[in-house]
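*Asks:* build the 3D model from these lines:
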Amino acid sequence: MTTPRTAPYGTWKSPITSDLIVKETVGLSQPRIDGSDIYWVEMRPSERGRQVIVRHSANGTRTDINPPEFNARTRVHEYGGGDYVVHEGTVYFSNFTDQQIYRQTQGGTPERLTSQSTDDRVRYADAIVDAGLNRLICVREDHRAEGKEAENCLVAVNINDGAELVLATGNNFYSSPRLSPDGSRLAWLTWNHPNMPWDGCELRVGEFVDGGSINNQKLIAGGSRESIFQPEWSPDGVLYFVSDRTGWWNIYRAQDASVECLCEMNAEFGAPQWGFGMSTYAFESTDRIVCAFAEQGIWHLATINTQSKQFERVETPFTDITHVRASAGRAVFRAASPTQTLAIIDLDLNTRARQVLKRGSATDVDPAYFSEATPIEFPTENGLTAHGFFYAPRNPDFVGPENERPPLLVKSHGGPTSATIAILMLSIQYWTSLGVAVLDVNYGGSTGYGRAYRERLNGTWGVVDVDDCVNGAKFLASRGDVDGDRSMIDGGSAGGYTTLCALTFRDYFKAGASYYGVSDLEALELDTHKFESKYSDGLVGPYPERKDLFIERSPIHFADRLSCPVIFFQGLEDKVVPPNQAEMMVEALREKGLPVAYVAFEGEQHGFRWAENIKRALDGEFYFYSRVFGFKPADPIDPIPIENLD
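*Replies:* Just a heads-up that it's a prediction; the model follows:
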């Protein structure tokens, strides 16, 4: 073993490069079980973010389902999810280009099933197969009415001729259609503005009548202040769901006109429904549920006996578990740990043996280069405590000088009703292996800590999240873990807004990076998509009644308070946070004479999917900080033009 060389933080040479990250990493989501086969979706940066449905057969062979000219991705709610469904080997998926549903049989080519429009103005998501009536049931989002809000509803799509029948309409949003085992009833979720589904939504059930339409709708659970997540029918026809009526998302069932909790815990068995097709539990059999749950932001696995309600933890190394599916004797899910990247896992529930079917990042980097997440709690405003995960610099080849503390990069996650997780992310190891410490903050408003923690952000977006990011950085500096004079902050989307607010309204961070972040709340309110068009009502206040708050908390109106360099990364086809949000801020910084850089990507939307752009952004942010703080990267980086920097 060689003796580590002393070198300034930020100048260390690392094998975890941007090339490695984009070359070896694919996104993994939406596993499904169909007989003995397992399916999932891969988002491939090397194919410009194309989503590919993959089938893993019982004999171990792996096959791409949709051909290269097809991208299995819906744009309903813009965030998508629920992109495909499979039934007895036949796959139905939404194609990104035209947003229509295609059917693909084994060995065949995709056939267009729907024909509501010739462009992408009618979109479909979250489909299930109603085999008894030979149709799909799914969410439809119709953008054809010019100048009006898109119309969402539940529809049935005939598999033979594509004819559509509206099953439920009249509310702003729908999701999670679930068919009872005997095919006689349908359960679904619905909600209206200004609620987001994690604020409050309704679980409804209807009965099918002749012709396949819905009759006798009933409200089962939920309301404006109760969030329901993932309705599911048991094999014997009992309706289960997740509710946060106690302040925590727990599993319930509705039976004999009553609702009962299976296992009341101060834990989260649900998650914010940012995308369709989410699943935290599944039925292995009538008597056994396999479920994932979060305690203090860390996810675990368990089983619940539906008869005795006995809860049994299943020991695994994982700290993030999502997309849970099950069949007799097995569970399939996506998971990761502090030392293992995201993977599709096949678990034998009897022997507890685990098989990795696909890993998102296949790398042979020595684990000695990996910095493991350390959960931290730190004091914040109003005598409260906030949460995060700290990653110290780690590289077996280098140590920092004795009289130097590492620079700190604070990460503010998007959403903002989302959460960061304590898993091995190469995008974080990139920084720590170069000698930069990272704090990934679960600020007030994050999920995984109960409804009360999630609601800390109500009416205080741009305040509580910023306070928590600043206080987390100060906490680490006070412990001597980092150099408080070299603190940076970055974030994407809502995290980009938190970043810009921290740089504008607080005088602590010395530089920052905004990825498709919000700079003007009022402009966002007037120019965003339907799903989030009233989100700010809860986070800030009703508009235009509280226009004063929208102005008061918009960094664009207070650019004169900025006193540090900022770099902006933006997709030019972003419909969630339009490019003018970044461009207005860049112009303000340019006029003030502050160092500023703007990197715009043609063809990218909300979040970067192309390998070359992911690489450019990661290296570009590091290059920007190296110029600002005056350290020399070990490897050459293509320069980013920086204005107003001598």
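
*Asks:* quick one: list the elements packing against the helix or strand bottoming out on mean pLDDT in the chain.
*Replies:* Lowest on mean pLDDT, DSSP states H and E among the helices and strands of the chain sits helix 18-24, with a mean of 86. When contacts are defined as 3 or more C-beta pairs under 8 Å, 6 or more residues apart in numbering; DSSP states H and E, helix 18-24 sits against helix 426-434, helix 611-629. Where you see a C-beta, it was placed from the backbone N, CA and C, and this is true even at glycine.

*Asks:* can you pull out the helices in this protein?
*Replies:* Listed in chain order, the helices of the chain (DSSP state H) span residues 18-24, 426-434, 451-454, 464-478, 494-505, 521-526, 535-539, 547-552, 580-592, 611-629.

*Asks:* of all those helices, which lies closest to Arg359?
*Replies:* The minimum distance between Arg359 and these falls on helix 18-24, with 9.3 Å, by C-beta to C-beta.

*Asks:* list the buried residues in that closest one.
*Replies:* For helix 18-24, the neighbour count (16 or more other C-beta atoms under 10 Å) marks Ser18, Leu20, Ile21, Val22, Glu24 as buried.

*Asks:* and for stretch 459-468?
*Replies:* Thr460, Trp461, Gly462, Val463, Val464, Asp465, Val466, Asp467, Asp468.

*Asks:* wait, isn't the fourth one in contact with Arg553?
*Replies:* Yes: look at Val463 against Arg553 with C-beta atoms under 8 Å: they come within range, at 7.4 Å.

*Asks:* one step back: please identify the deepest-packed of the helices and strands packed on helix 18-24.
*Replies:* helix 426-434 (a mean of 23; mean count of other C-beta atoms under 10 Å).

*Asks:* distance between it and the chain's centre?
*Replies:* 20 Å (C-alpha atoms, centre = their mean, to the nearest Å).

*Asks:* and if you look at stretch 366-380?
*Replies:* 21 Å.

*Asks:* could you dump the helices and strands packed on helix 18-24 to JSON lines with mean pLDDT and distance to Gly89?
*Replies:* Listed next are these as JSON lines, based on pLDDT from 0 to 100; distance: least, C-beta to C-beta, whole Å:
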{"stretch": "helix 426-434", "mean pLDDT": "97", "distance to Gly89": "35"}
{"stretch": "helix 611-629", "mean pLDDT": "95", "distance to Gly89": "32"}
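
*Asks:* how about these, which one is nearest Ser224?
*Replies:* Nearest of these (C-beta to C-beta): helix 426-434, 37.6 Å.

*Asks:* if we can go back for a sec, pLDDT and distance to Lys309 for the buried residues of stretch 459-468 - can I get that in a markdown table?
*Replies:* As requested, the buried residues of stretch 459-468 are exported to a markdown table (pLDDT from 0 to 100; distance: C-beta to C-beta, whole Å):
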| residue | pLDDT | distance to Lys309 |
| --- | --- | --- |
| Thr460 | 97 | 38 |
| Trp461 | 97 | 38 |
| Gly462 | 97 | 43 |
| Val463 | 98 | 41 |
| Val464 | 98 | 37 |
| Asp465 | 98 | 38 |
| Val466 | 98 | 42 |
| Asp467 | 98 | 41 |
| Asp468 | 98 | 37 |
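
*Asks:* give me the spatial nearest neighbour of Thr341, chain neighbours excluded.
*Replies:* Setting aside the residues directly before and after it, Thr341 is nearest to Ser361 in space (C-beta to C-beta, 6 or more residues apart in numbering), at 4.0 Å.

*Asks:* run through the bridge partners of the one you found.
*Replies:* Thr25 (DSSP bridges).

*Asks:* just use 628 as the starting number from now, easier for me
*Replies:* From this message on, residue numbering opens at 628, which makes the last subject Ser988.

*Asks:* list the contacts for it?
*Replies:* Ile648, Glu651, Thr652, Thr968, Leu969, Leu1051, Leu1053 (C-beta atoms under 8 Å, 6 or more residues apart in numbering).

*Asks:* can you rerun that using 10 Å?
*Replies:* 647-648, 650-653, 655, 963, 967-970, 1051-1054, 1056 (C-beta atoms under 10 Å, 6 or more residues apart in numbering).

*Asks:* which residues do Val1090 and Arg1180 both contact?
*Replies:* Shared contacts of Val1090 and Arg1180, defined by C-beta under 10 Å, 6+ apart, are found at Cys1128, Phe1132, Val1167.

*Asks:* burial count for the first one?
*Replies:* Okay, so that is Cys1128. For Cys1128, the neighbour count with other C-beta atoms under 10 Å is 26.

*Asks:* can I get the buried residues of helix 645-651 in JSON lines with distance to Ala980?
*Replies:* Shown next, in JSON lines, are these (distance: C-beta to C-beta, whole Å):
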{"residue": "Ser645", "distance to Ala980": "36"}
{"residue": "Leu647", "distance to Ala980": "30"}
{"residue": "Ile648", "distance to Ala980": "30"}
{"residue": "Val649", "distance to Ala980": "33"}
{"residue": "Glu651", "distance to Ala980": "26"}
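
*Asks:* and which of those is nearest to Cys780?
*Replies:* For the buried residues of helix 645-651, the nearest to Cys780 is Val649 (39.0 Å; C-beta to C-beta).

*Asks:* in this structure that closest one contacts Lys1242, no?
*Replies:* Yes: using C-beta atoms under 10 Å, Val649 is in contact with Lys1242, at 4.9 Å.

*Asks:* right, so of the helices and strands packed on helix 645-651, which gets closest to Ile841?
*Replies:* Short answer: helix 1238-1256, nearest of those by C-beta to C-beta, at 43.7 Å.

*Asks:* now the angle between helix 1053-1061 and the closest one, please.
*Replies:* Helix 1238-1256 and helix 1053-1061 are oriented at 30 degrees to each other (axes from the mean of the first three to the mean of the last three C-alpha atoms, to 10 degrees).

*Asks:* packing partners of helix 1238-1256?
*Replies:* helix 645-651, strand 1035-1039, helix 1053-1061, strand 1114-1119, strand 1138-1142, strand 1193-1198, strand 1223-1228 (3 or more C-beta pairs under 10 Å, 6 or more residues apart in numbering; DSSP states H and E).

*Asks:* tell me which of those lies nearest to Ala1261.
*Replies:* helix 1053-1061 (7.6 Å).

*Asks:* how long is stretch 1168-1188 end to end?
*Replies:* From its first residue to its last, stretch 1168-1188 covers 24 Å (C-alpha to C-alpha, to the nearest Å).

*Asks:* any buried residues in it, and which?
*Replies:* Quick answer for stretch 1168-1188 (16+ other C-beta under 10 Å): Gly1168, Tyr1170, Leu1176, Phe1177, Arg1180, Ser1181, Pro1182, Ile1183, His1184, Phe1185, Ala1186.

*Asks:* contacting residues for Gly1089?
*Replies:* Counting by C-beta under 10 Å, 6+ apart, Gly1089 has contacts 1043, 1121, 1124-1125, 1127-1129, 1131-1132, 1145, 1148, 1166-1167, 1176-1177, 1179-1182.

*Asks:* rerun at 8 Å
*Replies:* Tyr1124, Thr1125, Cys1128, Phe1132, Leu1148, Val1167, Arg1180.
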